[in-house]
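1. I would like the atomic coordinates for the input below:
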Amino acid sequence: MKAIIFDFDGTLANTLPICYYAFQNVFKEFDNKDLSSEEIKAMFGPSETGIIRENLINSNTEQAIEMYYKKYLENHSNLVKHNVEIDDMIKHLNDNGIKIGIVTGKARRSLDISLKALQMDQLFDVIITGDDVSNPKPHPEGILKALSLLNVRNNEAMYVGDSDADIQAGIEANVHTVGVRWLQDYQASEFNIKPNSLFNSVNHFINFLNIGSHHEL
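-> A predicted model of the protein is given here:
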């Protein structure tokens, strides 16, 4: 295994609560709608800007998008906490020469806010966001693009995510798929599309990879 590519929201960081919070503020402010986190989750796929453009009734989409980022930034430190296990896992992969990447449906702007806030902005060999692809997950475009930039073949890589769209994209990109439910908030309580491997803890995943001296983790 030469490369491990991760989804971001719900996989590398417990960011779903801040996404819900920012969207709820936007839809309340512009459409006077009270949306549940489940209703927001049902819109997921495109980047945040895409979600607002596709679902907002109010015509002031650019203002709504600006408000989304404002809310996302101002409450990030309250709603998104550091995860030591995730930090240790990334360090472990880096130390053992595994290339690591992110393929996320998020917009670059919100991803950058999260990576900076969590001090993860210098850790990845490749980052593909919703802004970098024409076709969001479950289409494999993002993963294929990441593999190409990493110069890694599909049989040398795995894709790790918390939603059916992640697993579907991984299957179509012909990489080993890993479904995870190791953070507090994740998208799929049950995977309707079966991943090759499924983990409820970061440590189990590290042990499964069996790289380097992992006994201290």
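
2. where exactly do the strands run in the chain?
-> Remark: strands assigned in the chain by DSSP state E are 3-6, 99-103, 126-128, 157-161, 176-180, 197-199.

3. a markdown table for those, including mean pLDDT?
-> Below are the strands of the chain laid out as a markdown table (pLDDT from 0 to 100):
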| stretch | mean pLDDT |
| --- | --- |
| strand 3-6 | 98 |
| strand 99-103 | 98 |
| strand 126-128 | 98 |
| strand 157-161 | 98 |
| strand 176-180 | 97 |
| strand 197-199 | 96 |
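
4. Please identify which of those strands is closest to residue 209.
-> Closest to residue 209 of the strands of the chain, according to CB to CB: strand 3-6, at 7.9 Å. In short, each C-beta sits where N, CA and C put it, glycine included.

5. by contact count, what packs against the closest one?
-> strand 99-103, helix 141-150, strand 157-161 (3 or more CB pairs under 8 Å, 6 or more residues apart in numbering; DSSP states H and E).

6. Distance from that strand to the middle of the chain?
-> Counting by CA atoms, centre = their mean, to the nearest Å, strand 3-6 is centred 12 Å from the centre of its parent chain.

7. strands paired with it, and their directions?
-> Applying DSSP bridges to the sheet, strand 3-6 is found paired with strand 99-103 (parallel), strand 157-161 (parallel).

8. domain ranges for this structure?
-> Domain segmentation of the chain under automatic domain parsing yields 3-14+81-209, 16-78.

9. Turn those into a markdown table, columns for mean neighbour count.
-> What follows is the domains of the chain, written out as a markdown table (neighbours: other CB atoms under 10 Å):
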| stretch | mean neighbour count |
| --- | --- |
| domain 3-14+81-209 | 19 |
| domain 16-78 | 17 |
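
10. got the contact list for residue 1?
-> Each residue near residue 1 by CB atoms under 8 Å, 6 or more residues apart in numbering is listed here: 98, 156, 157, 158, 176, 209, 211.

11. how about JSON lines for the strands paired with strand 3-6, with distance to residue 188 added?
-> Formatted as JSON lines, those follow (distance: least, CB to CB, whole Å):
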{"stretch": "strand 99-103", "distance to residue 188": "17"}
{"stretch": "strand 157-161", "distance to residue 188": "9"}
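
12. so which of the ones you listed gets nearest residue 46?
-> strand 99-103 (14.4 Å).

13. Include distance to residue 84 when you put the helices and strands packed on strand 3-6 into TSV, please.
-> Listed next are these as TSV, based on distance: least, CB to CB, whole Å:
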stretch	distance to residue 84
strand 99-103	17
helix 141-150	26
strand 157-161	18
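
14. Which one, of these, ends up nearest to residue 44?
-> strand 157-161 (11.9 Å).

15. neighbouring contacts of that closest one?
-> With CB under 8 Å, 6+ apart, strand 157-161 has contacts from 1-7, 11, 103, 143, 147, 150, 166-167, 169-170, 173, 175-180, 196, 205.

16. As JSON lines, the contacts of residue 1 with distance to residue 63 would be great.
-> Below are the contacts of residue 1 laid out as JSON lines (distance: CB to CB, whole Å):
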{"residue": "98", "distance to residue 63": "42"}
{"residue": "156", "distance to residue 63": "45"}
{"residue": "157", "distance to residue 63": "40"}
{"residue": "158", "distance to residue 63": "40"}
{"residue": "176", "distance to residue 63": "43"}
{"residue": "209", "distance to residue 63": "45"}
{"residue": "211", "distance to residue 63": "48"}
